[in-house]
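S.K.: test case, fold it:
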Amino acid sequence: MSEQQQLTPQQREELEKQWQRECFQSAQKHLAEKGIIPSTVFDKESRFLAPLCAIWKIKAQTGKTYWVVTGRLPTDHMETSAAATAREAIKSFSYRWQMRADEIVAAGVQDETQAKFANLLVNRAHGLYEIADKDELWVNEAS
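M.R.: Residues are numbered from 1 along each chain as shown. From the prediction side, this is the model:
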């Protein structure tokens, strides 16, 4: 039996809450490294697909609002003007990562680290697109 099957519903819920906190800390750290100071999180518009990814809608102290993706993938952000909903943001990150991987390859891969990063981007881009494409994950999303 796997460890997950042995957990009570309360233990699973606590693990998911812990995962969300860790993802939120990653989102905050990522924004801070980019000089963006968060002020508000829009919980109802954010989405959590534990343990794969979380997409956060965060308003900065400057008044600008961002989507931030965290989880088992590169942490990244974009302004909400690029995507109206969390689902659209997931698709946008997917396209963006695919294009970034293409740019790395087109520029000529210089070393193994670049090749691994390009492959990671492609892999995660495909995974994000599959998540965005599953209607059942988005039934509660406001349009």
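
S.K.: so the most centrally placed residue in the chain, which state does it fall into?
M.R.: Nearest to the geometric centre of the chain sits Val69, at 2.1 Å (Cα atoms, centre = their mean). Following DSSP: H, G, I helix; E, B strand; the rest coil, Val69 is assigned to strand.

S.K.: would you agree it is in contact with Lys57?
M.R.: No. The criterion here is Cβ atoms under 8 Å, and Val69 misses it with Lys57 at 11.0 Å. C-beta coordinates here come from the backbone N, C-alpha and C atoms, glycine included.

S.K.: coming back round to it: show me the contacts for the residue nearest to the centre of the chain.
M.R.: By Cβ atoms under 8 Å, 6 or more residues apart in numbering, the contact list for Val69 reads Cys53, Ala54, Ile55, Trp56, Thr75, Asp76, His77, Ala89, Ile90, Phe93, Leu128.

S.K.: list the contacts of the residue nearest to the fifth one when sequence neighbours are not counted.
M.R.: Take Thr75 and drop its neighbours on the chain: the residue closest to it by Cβ to Cβ, 6 or more residues apart in numbering is His30, 4.3 Å away. Residues near His30 by Cβ under 8 Å, 6+ apart: Val68, Thr70, Thr75, Asp76, His77.

S.K.: for those, give me a markdown table that also has pLDDT and distance to Ala118.
M.R.: Formatted as a markdown table, the contacts of His30 follow (pLDDT from 0 to 100; distance: Cβ to Cβ, whole Å):
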| residue | pLDDT | distance to Ala118 |
| --- | --- | --- |
| Val68 | 98 | 22 |
| Thr70 | 96 | 21 |
| Thr75 | 96 | 17 |
| Asp76 | 97 | 15 |
| His77 | 97 | 20 |
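
S.K.: how close does the closest residue to Leu49 other than its chain neighbours get to Val105?
M.R.: Distance criterion Cβ to Cβ, 6+ apart; nearest residue to Leu49, sequence neighbours excluded, is Ile131 at 6.4 Å. In this view, Ile131 and Val105 are 24 Å apart by Cβ to Cβ, to the nearest Å.
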